[in-house]
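K.L.:
Make a model of this:
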Amino acid sequence: MNNLDLLTAITVFVLSVLVGIEVISKVPATLHTPLMSGSNSVHGIVVIGAMLIAAESHTWLGYVLAFVAMAFGAMNVVGGYVVTDRMLEMFKAKPAAEKNQSAEQNQKAGV
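P.N.:
Residues are numbered from 1 along each chain as shown. Now for the predicted structure:
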């Protein structure tokens, strides 16, 4: 990799960080968690990139970086789906038996 390639890669990285910060800062706090949990699967691209690094690498440093990138990318993907599942659980209707039981408890408590 020559100096021009390195400079181009660093420029793309810095610009993508700045654009990402600008986009995320415009999202209201009430929408941030649902949007991010649903879109964390995009980090699957990180896992694919890590696989490409591992395939092209011939040094131990490349293998370590690829492993770390794959581990973090996989954790982010799984975590996004876990958060999405928990959020969807909040919106599911309660079964009729639980509704009746909670209504009876409210009546006993005088609510």
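K.L.:
Kindly provide the distance from residue 80 to residue 94.
P.N.:
Distance, residue 80 to residue 94, using Cβ to Cβ, to the nearest Å: 26 Å. Where you see a C-beta, it was placed from the backbone N, CA and C, and this is true even at glycine.
K.L.:
Can you pick out the residue with more neighbours from those two?
P.N.:
residue 80 (19 against 10; other Cβ atoms under 10 Å).
K.L.:
in which helix or strand would I find the more buried one?
P.N.:
In the assignment (DSSP states H and E), residue 80 maps to helix 60-90.
K.L.:
shaky segments in the chain?
P.N.:
Low-confidence segments of the chain (pLDDT under 70): 1, 30, 32-41, 95-106, 109-111.
K.L.:
show me where it has helices.
P.N.:
3-25, 29-39, 44-56, 60-90, 96-109 (DSSP state H).
K.L.:
and the longest one with helix 44-56, angle?
P.N.:
With axes from the mean of the first three to the mean of the last three Cα atoms, to 10 degrees defining the directions, helix 60-90 sits at 160 degrees from helix 44-56.
K.L.:
packing partners for helix 60-90?
P.N.:
helix 29-39, helix 44-56 (3 or more Cβ pairs under 8 Å, 6 or more residues apart in numbering; DSSP states H and E).
K.L.:
related to what we said a few turns ago, for the helix holding residue 80, could you pull out the residues that count as buried?
P.N.:
Neighbour counts over helix 60-90 (16 or more other Cβ atoms under 10 Å) mark 66, 69-70, 73, 76-77, 80, 83-84 as buried.
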